[in-house]
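Colleague: Build me a model from this:
(one chain, ligands or ions: 1)
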Amino acid sequence: MAYLATPTATGEIIKKYGFNFQKRYGQNFLIDANILGKIIDAAEITKEDCVLEIGPGIGTMTQYLAESAREVVAVEIDKNLIPILGETLSEYENVTVINEDILNIDVGNLAEEKNNGKALKVVANLPYYITTPIIMGLLEGQVPFYSITIMVQKEVADRMQAGPGTKDYGALSLAVQYYAKPEVMMNVPPSCFMPRPTVGSAVIRLTKHSEPPVKVTNEKKLFSIIRAAFNQRRKTLANALANATSLVDNQGTPTKVTRQEVCDALERMGLNTSVRGETLSLEQFAGLCNLL
Ligand code: SAM
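Modeller: Coordinates of the predicted model:
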């Protein structure tokens, strides 16, 4: 089977199977071999690795992964792609295709079954409509993984990597940076996909921290504070937290804080009581979490 990463090869397979692209599944297939090679390099795949690919499509990236990794598990939601993958991956004995929604897959179990519970590498050209739930599910879900190398909408890559005081900085930046080190590896223009997406894309690698960079009394509490801070981004942090209805305490049960309690904690941290959440670093959010 020839490689699929050209407009001609992809077009031929699509035509042969009468495949209709499903917009609702975010189907934009890669047709650029150069970009694919760079994704595999960025993911640092070796013959030791078990790779989880989310959304193999017609198998364009899967072919490359199968050649570089020991084992590949590819999870594809669209049943119409399964016969196509049967053909395009027929030469590879180290690939398992699972026809399922990735959000219904217990990735911990999968690592147990396929990799003796050892860390996986996740590689994907993600469907953009569910980028955040997929990433947060992997990060928060106690899933053993070493790194996640993914194509996402450029804007989302920028948000994951952003630091305090920038317009892209928000709850996603802090959640990602709590669990992993984000590195944008390259930008990818719409012309590298069939059909062309309406937005620019970027490849980002998230390398999991062995230990979170900050220590907090309760992670759920930390993230409830962060979410509340950015839900009302234009408000001062003290007002945003005092208005919040979804804060949790050290036991993870719902709680409230007063404006005064937040101001006292900010003062103890040497911060102005009128700061906005968007100026606080992860370390400062952790400090606030531990003081409240
Ligand atoms: N990997 C292929 C490539 O690079 O050409 C296809 C990438 S395409 C952007 C996203 C793929 O994810 C599609 O094949 C789509 O059907 C699949 N997909 C969408 N939602 C999914 C889900 N919830 N679980 C698993 N796969 C999904």
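Colleague: From here on, just use CA atoms for contacts and neighbour counts.
Modeller: OK.
Colleague: Assign Val152 to helix, strand or coil.
Modeller: strand (DSSP: H, G, I helix; E, B strand; the rest coil).
Colleague: Contact partners for the residue lying closest to Ile58 once chain neighbours are set aside?
Modeller: In space, and not counting its chain neighbours, Ile58 is closest to Leu85: 5.6 Å by Cα to Cα, 6 or more residues apart in numbering. Counting by Cα atoms under 8 Å, 6 or more residues apart in numbering, Leu85 makes contact with 57-59, 97.
Colleague: Assign a three-state SS to the spatially most central residue of the chain, would you?
Modeller: A centroid search over the chain (Cα atoms, centre = their mean) returns Ile135, at 2.9 Å, as the residue closest to the centre. Under three-state DSSP, Ile135 falls in the helix class.
Colleague: i'd like the first residue to be 151 from this point on
Modeller: Got it, the first residue is 151 from now on, which makes the last one we talked about Ile285.
Colleague: who touches the closest residue to Asn368 other than its chain neighbours in this structure?
Modeller: Nearest residue to Asn368 in three dimensions, chain neighbours excluded: Asn400, at 5.3 Å (Cα to Cα, 6+ apart). Contacts for Asn400 (Cα under 8 Å, 6+ apart) come out as 367-368, 371.
Colleague: from these, which would you call buried?
Modeller: Buried members of the contacts of Asn400, scored by 16 or more other Cα atoms under 10 Å, are 368, 371.
Colleague: Near the ligand, which residues of the protein are found?
Modeller: Counting by Cα under 6 Å from any ligand atom, the residues of the chain lying close to the ligand are 175-180, 204-207, 210-211, 225-228, 251-253, 275-277.
Colleague: Which positions within stretch 176-190 qualify as buried?
Modeller: For stretch 176-190, by 16+ other Cα under 10 Å, it's 176-183, 185-186, 189-190.
Colleague: same deal with stretch 282-295?
Modeller: By neighbour count with 16+ other Cα under 10 Å, stretch 282-295 contains the buried residues 284-285, 288-289, 293-295.
Colleague: if we can go back for a sec, ok, of the contacts of Leu235, which one's closest to the ligand?
Modeller: Gly207 (3.2 Å; Cα to the nearest ligand atom).
Colleague: these two touch, right, Arg383 and Val425?
Modeller: No - Arg383 is beyond contact range of Val425, at 10.9 Å (criterion: Cα atoms under 8 Å).
Colleague: now the residue nearest to Ile208: how far from Ile164?
Modeller: Using Cα to Cα, to the nearest Å, one gets 12 Å for the distance from Leu235 to Ile164.
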